[in-house]
Each structure stands twice: as structure tokens, then as C-alpha cells.
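1. could you work out the structure for the sequence below:
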Amino acid sequence: MRELFLFVRPPRPVLPFDEPSVPLWPPLAYACLAAALRHRVPEIAVDILDAPALRMGWASLEAELRRRRPRWMGVGEEAIACVEVFRLARLAKELNVSVIGGGAFFGNLAPQTLATGLIDVVVHDEGEETLVDLVRALLNQTPDTLLDVAGISFRQNQEVHTTRQRPLVASLDDLPLPAFDLQPLQTYGAASRNYPHLGSLELSRGCLRNCSYCASWRQLGKRVNDPTSPTIRVKSVERVFEEIQLLVQRHDRRYLGWVDPCFNADPNIPGQVAERLLSQQVRVGQSASLNPHCIPRDAASGALKACVEAGLNEVHLHFGYSLPGRPSEPDPAAEMDAARKAMDILRREHPEVFVFGSFPYGLPGDTPATMRTLHDSAVRLGVDAALFVPITPFPGTPAWKPECWDVTGETFRHLHLLPDSVVNLHQRELEDTLDRLSLFSWSEDRLRNYWNHFTARDSRRRSQRWSWLGRSARFHIRNFFRKAALGPEESSLLRFPSWYES
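-> All right, here's what the predicted structure looks like:
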């Protein structure tokens, strides 16, 4: 019987804005890593266990792990689920399972996580090639061979070893197709109105923007004598279309979530993929993050129109520095001009597209007056849903400090990009202002926006807007009174589903 490498996403709490029927999107990274192992290390068995998707609580998960007895376990959660990963790792140790961590969180905190004794090896950056070499080395059962595996950290004789850096995968087309068949795809979006039969995939890796507060572009950036610079690698039209066919035709996915930080960074491939879909009479709902600067270019070339006609009906625009008076690079005035042009095109030419706009706050010099200007800017831009995102001390960003490390993981419950500051008085002042503006500031422009949103011709856009209004109102009302009642005490916004311990 072949030994098992099992990727596990443990039970975890959910955030106030999570749609109940779509607790989490399919973990594409697990599908890609599992495919690489299955393709290149055929002597082992590979599988994925997504507990939240299956509504599998801790008792059921423990029973399943005891039944299946994997030899290795792969984990790579976000910061807010660090507590769950450590709990899972403790269970793995009881079963004598080796735990391999990856992703931006563990990759940036390798010495700390290895020191807990719960994680055996940390895989840095991209994992497909590294994980294959690592598992082959572990099969040899010779500890010294780990030093020959590029791109990992491990602990030996109380010392942390970090091996040489592994280059980025040169051609994404050379990677095996993601192992979608190992995921419980039937559960993702099964009861969702706006994301029915959900699947996730990528057109590219990396990002061309280098926002100081973001860890994503650093994770897949290009390193030359260490500083990391933003870079992007794009799959071919043929490869992307093959993945879409796999999800849509074989696995009956009816909505695709592109995980790219910047879906339209390349001027050609997104439009060509859309044209291929249209030529094959394939139209499937899609959500993607777009760079506002590239939208006028894509509108002029026809790429944006093709993407919308092929099913792109939800976009996420990040307005990183779009606020006059902020001392930052790039120029805030230029950023705001790009934001206005992008929104004008989307509203005039593609009114059926639902637009999320994210606006960071907590930058140096931000004040309650800044928050009012930020809120007014979001209203004037006319986005369907404004996401006000606090600058968060994620590992790998300048905001992270060594004293932020918490061996229990509980502190990381607050690294969720939602307004949730109680102890930090300055941050709380900004967020109290935001709560009041969201609840009580109703300008003529804002009322006009709501009227336009709720009378939109597209039924999905109307449905999404009503859904977002309800969740947003509940969040700000609860946040406003929660902070007033708590005073200086911290309280997590996370809530635990009924099946969490089952």
C-alpha cells in the first residue's frame, strides 16, 4: 500500500462578510501542489482533505486522520487560521505524521514556526518543484539530503537550516494540470446564488504593483541579490483554456474565481482567452481583480468587452493611493485619475459588472479627516461595494515586527483585513469615524448611487448589492456598539460555525 501525502485545510472560523453558502473558495494551491506530486512521485498516494468545505469538525477530522494514517501532511493557511494549523499539527504529531508548512505566512516565519516543534519543514515561495524534491528526499530517510533541496527551511540539532533559494518556475505551462478531481468540488457554491458551482483558477502568477503593505507580490516576486521586485508570469491561451474546459465540462463548474492579484496585467492573454471562449460558445460567470490603470487600455483594445461577454461579471479594483494629500508613491493624484477613468468606463460601457473597490487606511498621517475624504472618494467613484482595508502587520511586510510573533497563534486572529481595532487608540479613532460615516453619512451622491445600484437591469448585480448592503449594515452596527461596550478589551470578529467541533 502506498504511503499518503495529505493536504489538509482544518476547520476554521468565518468572518462577518463571508457568504454562509460560500465559506471559502477552493484552495487552488493545494490542487496545483497535489498535481505535481501525483505526476512526478507516483510511488506515493496524494489527496486533499478540505474540512470547511465538507463541514467536517475537529472530532470528525481526527477520526478521518486516524483512519487514513497519512505519512506526510501539507498545511498552508492564512494568518487568522494559524491557531487551527497548530492544533492540526499537534494532532499530526500524536499520529507520527510529518507536517510540511508553506504559503506566505509560514514562509516568512520559518524560524519561529519550526521552533514550536509542530512544523517539520517549511517550503518557501512556489511549491511544485520544491515539494517534489522534498518528498523524494524524505523517502530516502537521510536527513542530510534535505540540505540539497532548494527552497526549504528545517530544524536539525536545534539549528534552523535554510537552503539556497529556488528560482521561479520558468514556464507555468509545464506544470501539470491542477488536481481538481481531489477536491470536493460539488460543495463549493452549491447553495450560492451569486457564486453557483464555484471553481478557482489562475491565469498568471505575481503582480506588477509593489504596494508596501502587501505580502502577495513578495511571495512570487523576483529576487536579485535580495530585494524582491514585482514580476508576472502568464500562462498561454491554450493552457488556460484547457483548465477552463476541465472545470466547466468535466466538473460542471458554472462560476470561475480568478485568484490572480492582477488578472489584466498582461495586455493580450485575458482578451485572447475570452475570445477563445466566445468562439467555442462558452460563457461562464467570472470574478477577477483588475488593475484600474490597465482598464482604459483593455477597453480600447476590445479585451475588456470580450471578457465581459465571456462572463466576467464581478471585478475587484484596488485603489491603493487614490487619495489627495497622502504623501506616497505613486502620485496620489495620478492614482485617483486612473480610478475615475476606470470607473467611468465600467459604468458607461459595462453596467452589468459588479464592482468592489478596496481602499487602504492607516497609512502614516491618516486622520479622521482622511477617513472622511476616503469615504467621500469611494462614494464619488460609484463602486457597488467599498472595502475599507486597514494596514495590517502581515509577515513579510514592513509593518511586521518580531514582537508580533505569538506562539499560540491567537494574536493572528486579528490579521483579517477588517476594521477591528480596539486597543490601538489611533486605529480605533479612524475606524469609529468609518463606522459613523457608513451608518449616518448619506450625501446626495450616495443616495443616487444606491438608486442606480438597486434599479440596475442586471439581476445578479442587484442581488449582490442587496446582499452586500445587509452584511455591511450588520457589520458596522455590531462593530459600533461592540467597541463601545468593550472599551479597551479586545474581541475577535470571528464566529465559529455550529459544526466546528463536531
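2. where are the low-confidence patches of the stretch 401-502 of the chain?
-> 420-424, 482-492 (pLDDT under 70).
3. helices along that one, start to end?
-> Per DSSP state H, counting those that start in this stretch, the stretch 401-502 of the chain carries helices over the ranges 425-440, 444-454, 459-486.
4. assign Phe6 to helix, strand or coil.
-> One thing to correct before we go on: residue 6 is Leu, not Phe. strand (DSSP: H, G, I helix; E, B strand; the rest coil).
5. before we move on, the earlier item: now the helices of the stretch 401-502 of the chain as JSON lines including mean neighbour count and distance to Arg71?
-> Quick note: C-beta positions are derived from backbone N, CA and C, even for glycine. Shown next, in JSON lines, are these (neighbours: other CB atoms under 10 Å; distance: least, CB to CB, whole Å):
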{"stretch": "helix 425-440", "mean neighbour count": "18", "distance to Arg71": "45"}
{"stretch": "helix 444-454", "mean neighbour count": "14", "distance to Arg71": "52"}
{"stretch": "helix 459-486", "mean neighbour count": "15", "distance to Arg71": "42"}
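6. tell me which of the ones you listed lies nearest to Thr367.
-> Thr367 lies closest, by CB to CB, to one member of the helices of the stretch 401-502 of the chain: helix 425-440, at 7.6 Å.
7. helices or strands up against the closest one?
-> With contacts taken as 3 or more CB pairs under 8 Å, 6 or more residues apart in numbering; DSSP states H and E, helix 425-440 sits against helix 368-381, strand 385-390, helix 459-486.
8. what's next to it, contact-wise?
-> 361-362, 366-368, 370-372, 375, 388, 390, 419-422, 472-473, 476-477, 479-480, 483 (CB atoms under 8 Å, 6 or more residues apart in numbering).
9. and if we set it to 6 Å?
-> 361-362, 368, 371, 375, 388, 419, 421, 476, 479-480 (CB atoms under 6 Å, 6 or more residues apart in numbering).
10. quick one: residues in contact with the helix or strand bottoming out on mean pLDDT in the chain.
-> One helix or strand of the chain scores below all others by mean pLDDT, DSSP states H and E: strand 222-223, with a mean of 74. With CB under 6 Å, 6+ apart as the test, strand 222-223 has contacts from 229, 231.
11. moving C-terminal of that strand, what's the next helix or strand?
-> strand 228-229 (DSSP states H and E).
12. chain center to that following strand, what's the gap?
-> Computed by CA atoms, centre = their mean, to the nearest Å, the chain-centroid distance of strand 228-229 equals 20 Å.
13. stretch 302-314 too?
-> 22 Å.
14. how about that stretch: buried residues?
-> Using 16 or more other CB atoms under 10 Å as the test for burial, stretch 302-314 gives 303-308, 310-314.
15. mind listing which of those are in helices?
-> Of the positions in those, 303-308 sit in helices, assigned by DSSP state H.
16. which of the residues you listed lies closest to Gly199?
-> Cys307 (17.1 Å).
17. count of residues packed around the nearest residue to that closest one once chain neighbours are set aside?
-> Using CB to CB, 6 or more residues apart in numbering and skipping the chain neighbours, the partner closest in space to Cys307 is Ala274 (4.5 Å). Ala274 has 25 neighbours, counted by other CB atoms under 10 Å.
18. which ones are touching Ala274?
-> Residues in contact with Ala274 (CB under 6 Å, 6+ apart) are 306-307, 310.
19. could I get the residues you listed in CSV, plus columns for pLDDT and distance to Arg205?
-> Output for these, formatted as CSV (pLDDT from 0 to 100; distance: CB to CB, whole Å):
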residue, pLDDT, distance to Arg205
Ala306, 98, 22
Cys307, 98, 19
Ala310, 98, 22
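20. got those residues as TSV, with distance to Glu62 columns?
-> What follows is these, written out as TSV (distance: CB to CB, whole Å):
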residue	distance to Glu62
Ala306	49
Cys307	44
Ala310	44
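21. of all those, which comes closest to Ile152?
-> Cys307 (38.2 Å).
22. coming back round to it: now render the buried residues of stretch 302-314 as JSON lines, adding distance to Ala334.
-> Converted to JSON lines, the buried residues of stretch 302-314 look like this (distance: CB to CB, whole Å):
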{"residue": "Ala303", "distance to Ala334": "22"}
{"residue": "Leu304", "distance to Ala334": "21"}
{"residue": "Lys305", "distance to Ala334": "25"}
{"residue": "Ala306", "distance to Ala334": "27"}
{"residue": "Cys307", "distance to Ala334": "25"}
{"residue": "Val308", "distance to Ala334": "26"}
{"residue": "Ala310", "distance to Ala334": "31"}
{"residue": "Gly311", "distance to Ala334": "31"}
{"residue": "Leu312", "distance to Ala334": "26"}
{"residue": "Asn313", "distance to Ala334": "29"}
{"residue": "Glu314", "distance to Ala334": "26"}
